[in-house]
Structure formats: structure tokens, C-alpha cells
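S.K.: below are the sequence and a predicted model; questions follow.
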Amino acid sequence: MSASNEYAKTGEFQPIDLLAAAAAREVFDGDVVFAGTGLPMLAITLAQYEHAPNSVCIYEAGSIDGRPIDLPTSVGDARCAFQGSKAGGLYETFYGQLHAGYVDLGFLGGAEIDKYGNVNTTVIGDYNSPKIRFTGSGGNADINSFAKRTVFIMVQEKRRFKEEVDYITSPGWRIKKWPSGEWAHKKDIYGGFYHGGPVAVITNMAVFRFDEEGIMYLDTVHPGFTVEDIKNNVSFDLNVSRVSGETKPPTYHQLDLLYNKVDPEGIFLK
Amino acid sequence: MSASNEYAKTGEFQPIDLLAAAAAREVFDGDVVFAGTGLPMLAITLAQYEHAPNSVCIYEAGSIDGRPIDLPTSVGDARCAFQGSKAGGLYETFYGQLHAGYVDLGFLGGAEIDKYGNVNTTVIGDYNSPKIRFTGSGGNADINSFAKRTVFIMVQEKRRFKEEVDYITSPGWRIKKWPSGEWAHKKDIYGGFYHGGPVAVITNMAVFRFDEEGIMYLDTVHPGFTVEDIKNNVSFDLNVSRVSGETKPPTYHQLDLLYNKVDPEGIFLK
Amino acid sequence: MGKINKITLKEAAGLINDGDLLAFSGFTIWRRPVALCYEIIRQGKKDLHLFEVQGGFHSDMLIGAGCVKIWEGSFMGQELLGKVGVNLSRKQVAGEIITDDFSHGHAVGRIQAGAINVPFFPTALAMGSDILNPEYDGLARAGLRDGSNPKIASKKYEIVKDPFFDMGELLLMPAVKPDISIVYAPMVGNEGTVRVLSQSYNDSDVIKASDKIIVICEEIVPDSYLRQDPTKNLASGYEIDYVVECPWSAHPTGSQSYYDCDADFLRDFNAKTRTQEGFDQWAQEWIFGVNSQEEYLEKLGVARLEKLRASVALGYSTRVKRGTR
Amino acid sequence: MGKINKITLKEAAGLINDGDLLAFSGFTIWRRPVALCYEIIRQGKKDLHLFEVQGGFHSDMLIGAGCVKIWEGSFMGQELLGKVGVNLSRKQVAGEIITDDFSHGHAVGRIQAGAINVPFFPTALAMGSDILNPEYDGLARAGLRDGSNPKIASKKYEIVKDPFFDMGELLLMPAVKPDISIVYAPMVGNEGTVRVLSQSYNDSDVIKASDKIIVICEEIVPDSYLRQDPTKNLASGYEIDYVVECPWSAHPTGSQSYYDCDADFLRDFNAKTRTQEGFDQWAQEWIFGVNSQEEYLEKLGVARLEKLRASVALGYSTRVKRGTR
């Protein structure tokens, strides 16, 4: 293979390739990653092939460090456990791994997000008389609360980037202290259980990060979009003072890995 | 084999045979038994061969329903897990089995016992400046507190059957409510966690049981001993008003099983 | 030498009483006791209370069929094959079902506590989430935390302070102890030893936590085979009450080493049951229109089943369509 | 693709600091990291604080050698091979060691809590026992529950009322989070995957609960071998820190599928170390008189080791003397 570490040019990659590459960059070598199937799986596998060979992937259904030779479409799949270091149950993944403090990075999704990284995967409208109901938390709230770093992969729409989400499923940087409901910083609520929180949001248009106060800001804009485009697709007052440039496209090497190693069957990459 | 269900005569069996037979009678068919090695193992295996084929033995180190072809001398032994239904760890045996409420019967030992079935396996003298130190609780306290029925196998000596034991390792029928230390019936302390308690004590001289109030009484006397012998070897005022007769010796069939099936190697039976 | 209590599918469904608290084996679309859920629907069970660490096809279907009054869990969906449980979602929007939401970790802790018979499990997961918002306590709003139902905790959670190491506040989440659990396992021994062949999910906890346990299995095998390696078994015979032998009983969900998930079947269900009329039609075809598991398998046909059958080498099918191919 | 951090026995013992809270793998006389305990004694470590679900040869020896200041646990002995830990017992009677007693179940809950990083484990085991007598709280009597040592809980236990189902009172037992755990495992993969070959005891919990984990193993094997069946593995490479490869390192305790307990050796130890002089002589012969594991094995001799070697078919020795024969 002569694929190089040069960046591919517009037209030479698809949006999903850029998302996978951007997400893969969030994986550091040695990270223990809690992930779901789909894009997160592409990202972690790409990272393992490329710059993070010692990173490990845990799926919430019970498998640890599997090395699928056929991409799974469910985290409960036998494919996830293939050549794994361990295959157990959810008590192991949620308590023996996540609550125990092993998880460095979580990849998550959501229907709505606010500027503190609070995410809603539960309901649109009033919880007690919903307009639309989604899946509920699943592991989203757990992973966002206990992983050292979480990265959200979302669709960029004004109605999804909200001043206040309809329901905080997954706790970000400023959250509510129950049962009273007063707002507080995550550190104050988690005390000795504090590990970290959201560090990035990757969408089809941009990459966002969180400042020292836990407030979201725009970091990079994907090729083909402007800062203005992003602002038009965010409901809250977005901090754009720290934009660092354009999101790096995938390299030829990454594209080669994605299409020839990570998903040669085209399960997710069409 | 033509071994019959007639009782063997004095001189045709050893004291340990009678103990094994008496202990085996405490095992009901279908019982889940928590046991240690040695005599309890002889008893449960004898019962399984004879009248309780559906009883199951759990060893605290992690094996369930093993069918050793060589008698184990430690509960941690691979022999215990041979052809077992499960081999896990202590979290499984103490919480997944005992705390979960599966255990019907426990066989236990002890250095001292009082009339409520409180047993000491920890210390002689003051705990804080001991004369003699023993092993400590091990699973004794746990099993006595959570099995539906427990049976103690002990040596009959005046200094061991005491008005008050030096240290309540293993809680019987009347115990202390901590942190205050006031005495209370076991039911009052265990509430929704109450399952039962001691039902019998088997010694080299006799079999004792517990009345409705949880107080020990003499039930049967082994061949060769008198009620007076027993009273002379108990420090507290022993209720002998309910003696039901002589302890039944082993049957020829039981002796045959013990020496030809249970312990043909003579690991415990000399 | 225990013996199993073998019963039929119909007898098994008959053991469930209206209003029972039920839990299931499996994970989203894996190892779900589907054949028994079909039979529960045929027998018209009502007012069921489901506790699910996470739901899937089997429970979304029970809900669509109107068998369920209360759903407690952390997630309802079929992962990439159906991102939302369309039947639960429809009933939630219509106000036709009582819901109580938890995080995945909360639910795992709750069934673990039930399994070991402690009243609660301590956890710091998902603090700060609206899951803990007292206004959103579905069971309390329905007046069901008054102590009249011993299966429902008097509170959704409790907050306590660490008294030992000053780590701060954490949650106690109440145990769950189902009346009945319905467990699909690939293999049960003739003495009742249970084995699953990949990730164990919460199957052991569900068994231990429940008052009555029905295991529906792919095949009954000699216990001596399972006892060659006791470290691989999930449960012992005395932990379960009834066994139903019923091949392909997890279909359309998957069973590792036996067959894969039937993605087309699941997608078709999700597409067709968005409305109640759609559900009723679908149920007519796949539940009421077939009288037995044998008829159901005939309707699916050999070609479909053979495509789903797992490779003996890999434990999953290499022929099934996945993703875009 | 993780890599293991291979070190020597001497380096491993060097990682332990005086005063550290230590925990071990194994059960009484099985899978104890003995070779490393010999080396700890050779290096003269002091004031160790041992937490043991239950003790055995390895720890009774560390105590005899004067390395230990605090012993917390539920049991000390060698089962039928030595009913009491004679060294711990001697030091307890002499007032030379701080003891804190728990029940076996309490200790199991405490290390489980440490493993999952919750501050306590709820249990109703052994209520009413003098284990809970406030007068007998050894660490409190020694003034060690004042918060100055973050590894020692501020209380021995807490009593709480079930807030959910009215089951009554139960205990919260504080978590244990050792500074270092020393784990013997028969097999470690070249990427660090750990497997044990029979009952798992509390080995996984000890690994998860500890800050630093040293695994001493019989042999390093290809990870790909262990990964053929991930349901059988105990821990993943990232859960451990250091690996020492050292055959027969559990001797005289047993390692299923490798070798049996050396009953003669254990009985001899128990008989000879009842007095401090006896211990010192024994230690001179077996610890200070040999400089390496190789020398130790030569001293034991081929005949003895071959007798202990496990049958490949059964996982234990069929030649070793047990009981009266």
C-alpha cells in the first residue's frame, strides 16, 4: 500500500469518512473506550490500526477488547466478543469497568444537546405528556457520568443544539442536584466519583469543544461550511471566539484503512 | 451388595461412622447444603447416595454441586469442582447463593457453644487480650445467619458447652443487637432477612436440638453414653425432659456406602 | 441428581398471571424468549409489569399487543435495526402505559440487588440526570408507591452520604424481584444446569432475582456434558423451575452459536407496527395466524432459517445480510 | 495490542512500600503468590497492612517474619492441614499485631465494593455477631479510624434501615482498596490477559480494587490462545501493571491443572513455627537459605515436585498423599 499521510481533497472522501477520521482523532493510545456500534466502532477500529494500537474497546453488553473479523451491528453480537480478552455480562461492564473507573473515553449520540453537554435521548416535549418518545438513556447517562472523556456524535440542527434540552438524560458539565433540582457544576455533584465529562461534539458540520467552565465552543468547521452556517444551526449563543480552523479531512492512509481494513464489506461505509 | 437397612451393632462401627450417619440424617432430599470438608462432606455424600439424591453441595470457595471422584481436603480444591454444575468465586457463593436465600442447610463446627446456638470460633479469653486465638469466623457466622437450618458438629466437653461463650462469632437464636449490645431473638434482628437458624448439635456423645424459644435440649444419646454423662459435659442447665431415646447407629447399608463409595481411599475414615 | 420439570409452551404461558412483574433474559435483540412471548399474547395476558434492563423486539411486541400496563427500564429499541421501540413509544405518547425510566447502570444495579436479596444497590452512575427528577417518577405519579404492591419500592431512589471515606453523595437504587422471569438459554442439561454461549448479559441475575423461573431452550443436553467445564455454566438446576424445549424459540432475535438475528424480520416489524392497526395486522399474520412454533418455522421457511444459521466455527452466520450488503 | 510489563521477582518485591495495604489472590492454600512473599521477607518489608478475605500459608508466614502490622480478615488457617494460623495466633496472644475480624461474607462484600468503586457494600450477613461489637473494633482501638490513613474507613460498619421494602436493618460494610495486590495466576497472555483454571475465588475483585497490581504466573502464553474463549478469562491486560513469570511460584500452595498443595510442607511449617524461634529457624532454611526460586526448587527436588504435579486429565495430582494414605 502506498497510501500516504497527506490529507485527502474535497470530493475524494464522503462525509462519513471525515466523521470517522475526526472521531478517531479523539482516541489516544492506551485508551479504554466504551462504544456502541456504527460510527464509533469505525472510529475506534481506525484508531487502533493507525495511531492507538493499545486502545481497547468495551461494549456494554459484556465484551472487552474484541477483534471482530466481521463488523457487528449490535453490541450484544457474538462478533463483538470474537478474540476478546473477556466476555461477561453487564454487571462487569457497568460496575466492574465503568463504575470501577477504567473507562477513558466514551462515544455517545443524542437527539438534543445544550451548551453544557447535557444530552436528551428520552423525550421531546413534556416528559409526562410526551410529543415524541425516544429509546431512553441506555448507557448514555452512565458513560457520560463516569468516563474521563466523552465525545458526542450528532446531527447539526438548530432544534437539536438547544438553550435547554427537554430532558437531561445524560449529565454534562452543569447539571441538577436532585431531589432539589438546583443547578451545580458536575464536580460538586459527583464529589469523589468525579472522573471528567464531555470534551467534544462532532457533527456533520463542525467539531465543538468545552472550555474550563464546561461551556461548549466551536473548535473547527468541516470543509465546505462556514462559522455562520454553524451559528445558524445552533439555538444558543455559541462561542466562536476560539475557532482553530478547518476540520482536518481524512488522510489517504486513513481512507485506505477504512475501506480496506475497517469495513471492507461496506456494512457502514457505502 | 446385600447390605441391609438394619442398624449395625456396637463394635461393628466406629464413632466417626455414627457421626456421619447422624449428620447425614439431617440432610433432606433436595436440600442445598453449604458444607466444609471432612465430616460434613462424608455426611452429605452419604445422604446423596442414600436418601437425598437431589441434594446439592456448595463449597464456599466457589464450586456448586461437584461430584468428586477423589475426596477433597480443602474447599478450594479442584476436586470440589469436578463435574460441578458451576464453579465461580466467593461473591457467587456468599451473595449469589447464601445471601440470595438458596441455602437450606449448613454444617458447621465450633470451639464453644451456648444454649442458644451461639458459637465461638474466634478466641478464648478477652478478645482484646486473648488467651488463645482461633481461625476467626470464616463462613461460620454467615452460614449460621442465613441458612434455613444449621447443624453443628462438635466435641462434647464441659468447657465447650457454656452458659456464655467468650465471643459470639456465629449468631444463634438469641443474639446481640449492635451497636447497643442488648439481647434479642434472631427474628427481631434479622427482620426481612430471617431464614432460620440452628436445628441440631451433633457431638461424640449425643444429639441436641432447639425448642420453640431457640433453647438447646438433649434429643438422643449415643450408644454407650447416659443422660448423666451428657449433663456432666455441659456447663449450662441442660433441658433433658425431651430426650427421645438412643441415637440410631449407622445401618449396614450406610457403612457399606461410607467405606466402599464415599471414602474408599480412607481419607477421613481410617 | 436433580431432574428438570419439562412443560410445554402453552403450559409455560399459563403460569403467568395478569399483573405479574416479569423480567427477561437477553440483550436488545439477542437471546429473547420470543416463542413464549408469542404464546403470552395468544393467551391474552393483561396488565403485565415489565422490568427490563433494556427492552427489545419481544417486549415492544408485548406492549403493542396490549399485554403491558407498566414498563420500567433504561432503553427500548433494536439498536441499528430499529432505533426506537415503536410500540412503546406510541403508547407513551398516547398516555396508555405507565413508564419509569432508569439508566442502563441503574437497571443493572437494581437486578443485581434483587439477585443477591439486598434491598438496594449503591451507585453514583447518572447523578444529575432527569431520571432522578421527582416530577418524572412514573410509578409515584400513578399512585403505585404506596406500599400496596410488594414488588414496587416505596421510593424511586434514595440519596446517601458515604459514611466511610467522605466520597460524597451517591444513590441507593431499589432491588427488583420479579414474580416470574422468562429466560431463553441455548442449552439446558437434563438436570437443569443452564449454559449460554457468549456474553452473559444479566441472565444470571434475572434468574436469581425472580420468584419463579421458566427457561425456554434450544435443546436439552446431557448434564454431564455441561459439567465437564463448570466455569462456563450460568445456573444450577435448583435455581430454575420449568424448562421448555423449543428450537428457534429466540427467533427473530439471535442466539450465539445457533442463529443470527433476523434483521429483515425485525425491520419489517418496526416498519409495520408504527400504528395500532399496523400492529394488529402484523400480529394476525405472525402470532394469531400460526398455532404453534412448528407452524411458525414452516412459515419462515427453510431458506430463511438456513441463512440465519450460525457457522459452527464462528458462532454467527456468514450468509446473513447485514448493513448495506 | 497491549504489552505486558515483565519484571523480576526482586523488582516486584521492591515495588512494595513499608506500610502498604496489601491483598492477595487465592483461597487458604490455593493460588497464593508465595515466591513473591518469600522475596518480600528477604527484602525485610515492614508494617504491612494485610486485607484478606481469608488468610493462609503465605500470610501467616509474612506475619511470622515480622513484616505485618495490621491484619484484617475473616479466617486464618490451612483448613484440614493446619486448623489455625499459628504465627498470627501467637502474635495476637502476645499483642504484637493489630487485628480486625470480619465474617467471610463481610470480607467478600468489602472487596467487591472496592472492585466497583462504591464506598460500601450492603449485607445482612452475620448480624448479631461480636464481629460488630464496638469494643472489639481493633482499628478504632489502635486510633487508626481518625481519617489520617485514606485506606482505613472512619467506621467499621454502619447500620441502615431498608428505605424501600421495609425489610428492616442491614449493614453497610466499607470498601477495601489496597495499595498493591499480589496475584498468582497460572496463565498470563503476552498482552496481559489473565486466566485461572478453576474456582475464581475473589481474584478478579482483588485486581480491580487495587491501585497497583503485580501478577506472578506459572507461564506466559500467547494471548490469542486465551482469546479463543473470552468467557473463561479473569482480567484484561489494562487491569494489571506488572507480570513476573515464575514456575512453581505458588508452592507449597496448589495451582489447579499445574500442581497440588504440598501437604507435608504445610504441616511441617505449622508444626515448626509455633514459636518465634521455630519460625526463625524455618525461615533460615526455606527463605534466607535459598537465593532464588531455582535454588528453592532444587532444594525441594524432582521427586517431590513430580508427586505434586497435576494430572492433565483431572487438574490435580493422583500421586500425592492425602488424609491418612
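M.R.: Nice, I can see it. Numbers count the residues shown, from 1 in each chain, chains lettered A, B, ... in the order given.
S.K.: can you give me the helices for the stretch 201-325 of chain C?
M.R.: C:203-209, C:223-226, C:263-272, C:276-283, C:293-300, C:302-308 (DSSP state H, counting those that start in this stretch).
S.K.: which one of those lies nearest to D:Arg90?
M.R.: Closest to D:Arg90 of the helices of the stretch 201-325 of chain C is helix C:203-209 (Cβ to Cβ; 42.2 Å). For every residue, glycine as well, the C-beta is placed using N, CA and C.
S.K.: quick revisit: most packed of the helices of the stretch 201-325 of chain C?
M.R.: helix C:203-209 (a mean of 26; mean count of other Cβ atoms under 10 Å in any protein chain shown).
S.K.: and the helices of the stretch 201-325 of chain C: which comes nearest chain B?
M.R.: In terms of Cβ to the nearest Cβ, the element of these nearest to chain B is helix C:203-209, at 5.2 Å.
S.K.: close to chain A, is the closest one?
M.R.: Yes. On the criterion Cβ under 8 Å from any Cβ of the partner chain, helix C:203-209 is in touch with chain A at C:Asp203, C:Ser204, C:Asp205.
S.K.: which residue is the nearest non-sequential neighbour of C:Thr28?
M.R.: Leaving aside its sequence neighbours, C:Thr28 sits nearest to C:Gly56 (Cβ to Cβ, 6 or more residues apart in numbering or on different chains; 4.3 Å).
S.K.: meant to ask about C:Ser292
M.R.: The nearest residue in space to C:Ser292 (Cβ to Cβ, 6+ apart) is C:Leu9, at 7.8 Å.
S.K.: the one you found and C:Ile182: what is the separation?
M.R.: 11 Å (Cβ to Cβ, to the nearest Å).
S.K.: can you pull the residues that touch both of these two?
M.R.: C:Leu36, C:Ile216 (Cβ atoms under 8 Å, 6 or more residues apart in numbering or on different chains).
S.K.: the two: which is more packed in?
M.R.: Taking other Cβ atoms under 10 Å in any protein chain shown, C:Leu9 and C:Ile182 do not tie; C:Ile182 has more neighbours (30 against 21).
S.K.: can you classify that one by secondary structure?
M.R.: Counting by DSSP: H, G, I helix; E, B strand; the rest coil, the backbone at C:Ile182 sits in strand.
S.K.: residues of chain C that sit close to chain B?
M.R.: So chain C meets chain B at C:1-3, C:115-119, C:189, C:191, C:193, C:204, C:208, C:223-224, C:226-228, C:230-231, C:233-239 (Cβ under 8 Å from any Cβ).
S.K.: show me which of those residues are buried.
M.R.: By neighbour count, with 16 or more other Cβ atoms under 10 Å in any protein chain shown, the residues of chain C next to chain B hold C:2, C:115-119, C:189, C:191, C:193, C:204, C:208, C:223, C:226-227, C:230-231, C:233-239 as buried.
S.K.: tell me which of these fall in strands.
M.R.: Among these, the residues falling in strands (DSSP state E) are C:Gly189.
S.K.: so which of the buried ones among the residues of chain C next to chain B reach chain D?
M.R.: C:Val118, C:Pro119, C:Thr231.
S.K.: next up, the contacts around the closest residue to the first one other than its chain neighbours.
M.R.: By the measure of Cβ to Cβ, 6+ apart, the closest residue to C:Val118 outside its immediate chain neighbours is D:Pro122, 4.5 Å from it. Taking Cβ under 8 Å, 6+ apart as the contact definition, D:Pro122 lies against C:Ala113, C:Val118, C:Pro119, C:Phe120, C:Phe121, C:Pro122, D:Gly109, D:Val160, D:Leu170, D:Leu171, D:Leu172, D:Met173.
S.K.: distance check, the last one against chain C.
M.R.: In other words, D:Met173. 9 Å (Cβ to the nearest Cβ, to the nearest Å).
S.K.: what backbone torsions are found at residue 168?
M.R.: In the absence of a named chain, this looks at chain A. Taking degrees, to the nearest 10, you get phi -80, psi 100 for the backbone angles of A:Ile168.
S.K.: burial of it, as a residue count?
M.R.: 26.
S.K.: touching, it and A:Lys176? I think so.
M.R.: Yes. In this structure A:Ile168 lies within contact range of A:Lys176 using Cβ atoms under 8 Å: 6.7 Å.
S.K.: quick one: common contacting residues for those two?
M.R.: Counting by Cβ under 8 Å, 6+ apart, the shared contacts of A:Ile168 and A:Lys176 are C:Gly128, C:Asp130.
S.K.: quickly list what the residue nearest to C:Val118 is bridged to.
M.R.: Taking DSSP bridges as the rule, D:Pro122 bridges to D:Leu172.
S.K.: pLDDT at it, what is it?
M.R.: The model reports D:Pro122 with a pLDDT of 98.
S.K.: phi and psi next, for the residue lying closest to A:Gly245 once chain neighbours are set aside.
M.R.: Spatial nearest neighbour of A:Gly245, excluding adjacent residues (Cβ to Cβ, 6+ apart): A:Thr220 at 5.8 Å. Dihedral pair for A:Thr220: phi -130, psi 150, per degrees, to the nearest 10.
S.K.: got the contact list for A:Thr220?
M.R.: So A:Thr220 contacts A:Ala206, A:Val207, A:Val243, A:Ser244, A:Gly245, A:Glu246, A:Thr247, A:Lys248 (Cβ under 8 Å, 6+ apart).
S.K.: and C:Phe279, how far from D:Gly114?
M.R.: 48 Å.
S.K.: ditto for C:Tyr225
M.R.: Taken as Cβ to Cβ, the span from C:Tyr225 to D:Gly114 is 37 Å.
S.K.: would you mind listing what in the stretch 51-200 of chain C touches chain D?
M.R.: The stretch 51-200 of chain C has residues C:113, C:118-124, C:147, C:150, C:153-155, C:158, C:160, C:162-167, C:170, C:172, C:174-175, C:198, C:200 near chain D, with proximity defined as Cβ under 8 Å from any Cβ.
S.K.: which one of the helices of the stretch 201-325 of chain C lies nearest to D:Arg32?
M.R.: helix C:203-209 (28.3 Å).
S.K.: what's in contact with that closest one?
M.R.: For helix C:203-209, contacts defined as Cβ under 8 Å, 6+ apart pick out A:89, A:91, B:96, B:100, C:23-26, C:31, C:111-112, C:114-116, C:175-178, C:181, C:183, C:185, C:194, C:196, C:213, C:234-235, C:239-240.
S.K.: noted, bye for now.
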